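A.B. asks: Below are the sequence and a predicted model for it; my questions follow.
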Amino acid sequence: MFFIFLNKDDVPYLDVPVFQQYTPSEVLAYFYDSFIKIPLQTYLQVKELSKDETMDSPCNSWVELLDTALEVSADITILQNSEYINVVGPYYFPQTNTRFYFTKEATSANETLTAEDLATMIALDDTPPMERNIYNYHKGRKNNKKTAKNKDELLMDISMCIACLREIEKLNKHLNYLNKYLEKRYKIVEHEELRPGEPDTLPQKPQPTVATEVSNNNIIPFNVITRRRKQNEKTGGSFNHDMKVYFIRYREYEKACDRYKTVLENREHHYQELMNNCFRDIELAEEKLRNSHKYLRIYNTIIEKSFIHSAYQDIYSLNLFKSYLETGRANVLQDCMNLFEEEKHWDEIKASQDRIENTIYFLQSGNENLRFVNEQFDQFFKQIDEKHDPEVELVKD
């Protein structure tokens, strides 16, 4: 599904805060043509919480969906009371072609959709709005001026570029989300034979085990007969128990098959409703896609028309330029570039120095020659540092 944006592969389980904070329609938007697993304890907790909430709360909307629309209440009681049943389902919600399962299985955090996860997905769905000051600045930059009139104009340009780069980063995440969203919806509408998923909880029928022993003659010792009788009594009892469990589970499978037949009988009506929902979602997503690309063009235009050379059009470099101008270390763009390159050069020298010192440290083994080399390097780098030290230069002046 879409959950690669959460660094999760599949998240079929929902935690309790999801039921408290989000309505079924908000959640099911991410489970078209898919399935949801609800742990038994989660279902019971949601039912209990719904008693203290208003009728139009998300919790009560979920209870209405599960107990009234899907009619799961009676089977949940069986699941709760039977030691032989671990899962019931699927239950079908045809409007989104979603299957529901209720299980006693333990869940893992990586398989659970949390309220925080859902908030992240919904935030990705919303197109980041364009700030008014960015739009106004874009309108004012009609030409490609090569230089700024003054420091304030240069500072404004740098601030706008930084803001645009941050908005582009958010927009790219939004665009990736929309493309994935549209890919999933198009996959549904282009599927010619889309059908509900068949029941997949068919239990495996147990087979009786027959104990055989090979004898080299026709005479069977009495102790072998006795041992076989005891073994048959033991395996026979186990087989009867396994058959009992099998029939209990098979009854739940038959009920799932009945639900499947019912949803198939109304397939045409539900299929059209599902297609209508998908086409509506596609139309809304494509409108968001167009707006996002329009915003993206504006941000890129501001950056392209910037006074700053493209080699420095990243947030780190631009923030340094802005700092140089605001602290008075630079007054024009050329000063900013010179300072940036000089600091970059000395950072590279310092990094090289650190690498050499680390190498010498590991090579040292008490050898007099190595110690002499080390002292020479220390003296050399000390001279370099003193030569570049602003305080030393000030004294010389």
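C.D. replies: Thanks, I have the structure now. Residues are numbered from 1 along each chain as shown.
A.B. asks: contacting residues around the residue lying closest to Lys187 once chain neighbours are set aside?
C.D. replies: Setting aside the residues directly before and after it, Lys187 is nearest to Asp33 in space (Cβ to Cβ, 6 or more residues apart in numbering), at 8.0 Å. All C-beta spots, glycine's among them, are computed from the backbone N, C-alpha and C. Shown in contact with Asp33 (Cβ atoms under 8 Å, 6 or more residues apart in numbering): Thr96, Asn97, Thr98, Lys187, Ile188, Leu194.
A.B. asks: Neighbour-wise, give me the winner out of these.
C.D. replies: Within the contacts of Asp33, most neighbours by other Cβ atoms under 10 Å means Asn97, with 25 neighbours.
A.B. asks: surely that residue meets Lys187?
C.D. replies: No - contact between Asn97 and Lys187 fails when scored by Cβ atoms under 8 Å: they sit 11.9 Å apart.
A.B. asks: Mind jotting down where the helices sit in this structure?
C.D. replies: 16-21, 24-28, 40-50, 58-63, 73-81, 115-125, 132-140, 151-189, 222-265, 267-304, 315-326, 333-363, 368-388, 390-396 (DSSP state H).
A.B. asks: Could you give the bridge partners of Phe102?
C.D. replies: The residues listed as beta-bridge partners of Phe102 by DSSP bridges are Ile38, Val88.
A.B. asks: Look at the residue nearest to Ala148 when sequence neighbours are not counted and report its pLDDT.
C.D. replies: For Ala148, ignoring the flanking residues on the chain, the nearest one in space by Cβ to Cβ, 6+ apart is Leu154 at 3.9 Å. Per-residue confidence (pLDDT) for Leu154: 94.
A.B. asks: What's the separation between Leu154 and Leu65?
C.D. replies: Remark: distance between Leu154 and Leu65 (Cβ to Cβ, to the nearest Å) = 58 Å.
A.B. asks: More neighbours: which of the two?
C.D. replies: The residue with more neighbours, out of Leu154 and Leu65, is Leu154; 23 against 18, by other Cβ under 10 Å.
A.B. asks: Let me see the contact set for the more buried one.
C.D. replies: Applying Cβ under 8 Å, 6+ apart to Leu154 gives the contacts Ala148, Phe307, Leu325, Val332, Leu333.
A.B. asks: Touching, the fourth one and Asn150? I think so.
C.D. replies: No - between Val332 and Asn150 no contact is recorded; they are 9.3 Å apart, counting by Cβ under 8 Å.
A.B. asks: what about those two, which has more around it?
C.D. replies: Shown here are Val332 and Asn150; by other Cβ under 10 Å, Val332 has more neighbours (14 against 10).
A.B. asks: ok, so what distance separates that one from Glu153?
C.D. replies: Applying Cβ to Cβ, the value for Val332 to Glu153 is 11 Å.
A.B. asks: now swap in Asp67 and tell me
C.D. replies: For Asp67 relative to Glu153 (Cβ to Cβ), the value is 65 Å.
A.B. asks: Looking at these two, which is more packed in?
C.D. replies: Shown here are Asp67 and Glu153; by other Cβ under 10 Å, Asp67 has more neighbours (16 against 13).
A.B. asks: mind checking pLDDT for the more buried one?
C.D. replies: Asp67 is assigned 95 on the pLDDT scale.
A.B. asks: Now for the spatially closest residue to Arg141 that is not a sequence neighbour, how many residues are close by?
C.D. replies: Counting by Cβ to Cβ, 6+ apart, Arg141 lies nearest to Lys305, which is 5.1 Å off, once chain neighbours are set aside. If you count neighbours by other Cβ under 10 Å, Lys305 ends up with 16.
A.B. asks: and if you look at Glu190?
C.D. replies: Using other Cβ under 10 Å: Glu190 sits among 9 other residues.
A.B. asks: repeat for His191
C.D. replies: Counted with other Cβ under 10 Å, residues neighbouring His191 total 11.
A.B. asks: Now for it: which residues touch it?
C.D. replies: Neighbours of His191 in contact, by Cβ under 8 Å, 6+ apart: none.
A.B. asks: Kindly provide the distance from it to His293.
C.D. replies: According to Cβ to Cβ, His191 and His293 sit 28 Å apart.
A.B. asks: ditto for Glu183
C.D. replies: Glu183 sits 17 Å away from His293, going by Cβ to Cβ.
A.B. asks: Next: Asp10.
C.D. replies: Separation of Asp10 from His293 (Cβ to Cβ): 31 Å.
A.B. asks: before we move on, what about Tyr30?
C.D. replies: Distance, Tyr30 to His293, by Cβ to Cβ: 24 Å.
A.B. asks: For these two, indicate the residue with more neighbours.
C.D. replies: Neighbour count, other Cβ under 10 Å: between Tyr30 and His293, Tyr30 has more, with 22 against 11.
A.B. asks: where does the protein have low pLDDT?
C.D. replies: 1-2, 142-145, 209-237, 360-377, 380-381, 383-397 (pLDDT under 70).
A.B. asks: go again using 90 as the cut-off
C.D. replies: Within the chain, the ranges that satisfy pLDDT under 90 run 1-11, 52-56, 105-110, 139-149, 191-196, 201, 204-242, 266-272, 344-397.
A.B. asks: what's the domain layout of it?
C.D. replies: Per automatic domain parsing, the structural domains of the chain span 3-125, 132-195+274-311, 333-396.
A.B. asks: Go through those and name the closest to Leu318.
C.D. replies: domain 132-195+274-311 (5.1 Å; Cβ to Cβ).
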